[in-house]
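> Any chance you can model this:
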Amino acid sequence: MLISMKLSMKKCAEYKEGYKVGPHPHRKRIYFIDADGFEWEFVEYFTDDPAKRNDYSQ
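Take a look at the predicted model:
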């Protein structure tokens, strides 16, 4: 889901890719910067377990 969103937003001149994060086993995150300079984070979770969703040790 996030991959198709990423491709769509990269085609739009108003958005550019923001902060890049490494892979994580329980979520995928992408960041975009809009025309006003605001950075947006989009998160896709692969688990319902809150401890795994919020694990930042990896």
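> check contacts around the closest residue to residue 33 other than its chain neighbours.
The shortest distance from residue 33 to any non-neighbouring residue, by C-beta to C-beta, 6 or more residues apart in numbering, is to residue 18 (4.6 Å). Bear in mind the C-beta positions are built from the backbone N, C-alpha and C, glycine included. By C-beta atoms under 8 Å, 6 or more residues apart in numbering, residue 18 lies in contact with 31-33, 39-40.
> so how far does stretch 51-58 reach from one end to the other?
Using C-alpha to C-alpha, to the nearest Å, the end-to-end distance of stretch 51-58 comes out at 13 Å.
> Save the contacts of residue 18 as CSV, and put in neighbour count and secondary structure too.
Compiled in CSV, the contacts of residue 18 are given as follows (neighbours: other C-beta atoms under 10 Å; DSSP: H, G, I helix; E, B strand; the rest coil):
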residue, neighbour count, secondary structure
31, 15, strand
32, 20, strand
33, 15, strand
39, 10, strand
40, 12, strand
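> Now flag whichever of those is closest to residue 53.
residue 31 (17.4 Å; C-beta to C-beta).
> okay, the residue nearest to the closest one when sequence neighbours are not counted: pLDDT?
Leaving aside its chain neighbours, residue 31 sits nearest to residue 18 (3.4 Å; criterion: C-beta to C-beta, 6+ apart). Listed pLDDT for residue 18 reads 90.
> What distance do you get for residue 18 to residue 40?
According to C-beta to C-beta, to the nearest Å, residue 18 and residue 40 sit 8 Å apart.
> Now the common contact residues for those two.
Shared contacts of residue 18 and residue 40, defined by C-beta under 8 Å, 6+ apart, are found at 31-33.
> any idea which of the residues you listed is the one closest to residue 8?
Lowest distance from residue 8 to the shared contacts of residue 18 and residue 40 (C-beta to C-beta) belongs to residue 32, with 10.5 Å.
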